[in-house]
Every structure is written in C-alpha cells, then in structure tokens.
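[1] The sequence and its predicted three-dimensional model are supplied below.
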Amino acid sequence: MKQKTITTLYQLVRFGVAGGLNTLLDWGILNLLTTTFNVYSGELILVFNIFSVSAALVNSYILNKYWTFRATGQAKTSTQIGKFLAVSIVGIVINSAIVYVVTTIIGVQFGLAENHWALAAKMLATGVVFIWNFIGYKLWAFAKKEA
C-alpha cells in the first residue's frame, strides 16, 4: 500500500512537470503564430489555437504514456489514444465551462480588472482539469492491468 502511494505521488509530480511543458508548448506555438502573422482575433486565431493545442496534446500523450505512467505494452495504442482523447476532450469542456461561468455568468469580483479576473478563472479551470486529467489518465487511459 505504501509503495503504491509513493508511486502515485511520483506520477503526480511527473504529471505536473509534463503539464507545465505541454502548457509552455501550447502557449509558445500560439504566441509564435499570432505574433508572426499579427493575428489576435477572428477565425485564423482559432486555426492557430487548434494547431497549438494539438501539438501540446501529442506531446502530452507521449510524455504521459512513456514517462508519467510508464504504460508500455499494456494495451493497443489505438485504444489508449482513444481513451486519452476522451479524457482530454472532457477536460477541455470542463476548462471552457469554468472559464465561461466565472467570466461571463459570475462576472468580475473582488475589484479585480477584467483581464485579471479572466486569468483567475483560467487558473481555477486549470487546477480542476489537472485533477480530472490525472485521475482519468491514471485510472483509465493508462491504467496498468493487475497481475
């Protein structure tokens, strides 16, 4: 039992590092594209965002499969990718819903500027989705079969 707890804590730390790298990759690619093409709104930014999120998801899958959860040889790759994407898509929906509710329905609170309130909403959403994704990846997408 104690070894399982230690393993989970190590996985949680590795998951946080992988998540930080994925976030930097996502934001970095988006920033590079928007500044290179001087596009900060409209349909093209959606294309740029889809590209940057997709790159981060590919990186996330690789890091989490092979480094965080060390899920080699347990299941068909297509099955793991499907489960990974299902967990990730639900995470994106949760993230977007939290940001929308906090910024649009609840609205600015505590005398913060709108941009700071939006950042606070994004930070809250990121924290909630961090927990969702870790549990979903560990217990389902990259779950190790018991011997």
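    Thanks, I have it. This one's a predicted model, so the numbers in the text were calculated from it and none came from an experiment.

[2] Now do the phi/psi pair for Tyr61.
    Main-chain dihedrals, Tyr61, degrees, to the nearest 10: phi -60, psi -50.

[3] My guess is Phe15 contacts Asn64. True?
    Yes: here Phe15 reaches Asn64: they are 6.9 Å apart, a contact under C-beta atoms under 8 Å. C-beta: built from backbone N, CA, C; applies to glycine.

[4] Name the residues contacting each of the two.
    Tyr137 (C-beta atoms under 8 Å, 6 or more residues apart in numbering).

[5] For these two, indicate the residue with more neighbours.
    Asn64 (26 against 22; other C-beta atoms under 10 Å).

[6] separation between the more buried one and Val101?
    28 Å (C-beta to C-beta, to the nearest Å).

[7] One more: Arg14?
    Relative to Val101, and taking C-beta to C-beta, Arg14 is found at 31 Å.

[8] Of those two, which one has the most company?
    For Arg14 versus Val101, neighbours defined as other C-beta under 10 Å are more numerous around Arg14 (16 against 13).
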